[in-house]
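Student: Here's a sequence, model it:
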Amino acid sequence: GLLQALTLPWKVPMINVADMVVNAGLLLLITKSVQTDPDMEAQFAEVFSIGILMLILLTILVAAGLSVLALALKSAGINSSLVLTLGHVGDPEAISHALQECAVEMLNISQRELASKIRSTNSYDMKTLTKCIDLL
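Tutor: As a prediction, the model looks like this:
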């Protein structure tokens, strides 16, 4: 879960973190629901289950609160990406400069070499390249 959320995110980071915590909590609840010694583990299982459920509830409340904050900031005309991405994602000026440098390099590479490099990428990177082309 953590590795997937960090390497191939399909949602904004705030939702990835909340999803990861909720799913991990549910998995822990499921694994601890099977007891080997009912007398010994009954009280532990009850306290553990309540703790995990509280963690899941807190995660959902924090995610909902951050979403409401992001919507309020957006409606006020303030950049809300810092809230949803849980940090700074990049300076638009620096990104545009890097794109221009990339364009210069792209003009100097042969089509055959470029096709070879694209063929060696994974499907996620291919989709990202296609989105970049669509954006430009």
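
Student: Poorly predicted segments of the chain, please.
Tutor: Of all residues in the chain, those with pLDDT under 70 make up the ranges 1-11, 32-42, 86-87.

Student: Show me where it has its helices.
Tutor: 2-7, 13-32, 38-75, 81-84, 92-108, 111-119, 123-135 (DSSP state H).

Student: got these as CSV, with mean neighbour count columns?
Tutor: Using the backbone N, CA and C atoms, a C-beta is placed for each residue, glycine as well. Listed next are the helices of the chain as CSV, based on neighbours: other C-beta atoms under 10 Å:
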stretch, mean neighbour count
helix 2-7, 11
helix 13-32, 16
helix 38-75, 13
helix 81-84, 17
helix 92-108, 10
helix 111-119, 9
helix 123-135, 10
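
Student: Leaving out chain neighbours, which residue sits closest to Val83?
Tutor: Of all residues not flanking Val83 in the chain, Ala70 sits nearest, at 4.3 Å (C-beta to C-beta, 6 or more residues apart in numbering).

Student: and the one you found, how far is that from Ala64?
Tutor: 11 Å (C-beta to C-beta, to the nearest Å).

Student: Need the overlap of contacts for those two.
Tutor: Residues touching both Ala70 and Ala64 (C-beta atoms under 8 Å, 6 or more residues apart in numbering): there are none.

Student: need the contact list for the closest residue to Leu69 other than its chain neighbours.
Tutor: Take Leu69 and drop its neighbours on the chain: the residue closest to it by C-beta to C-beta, 6+ apart is Val83, 5.5 Å away. By C-beta under 8 Å, 6+ apart, the contact set of Val83 is Met14, Leu66, Leu69, Ala70, Leu73.
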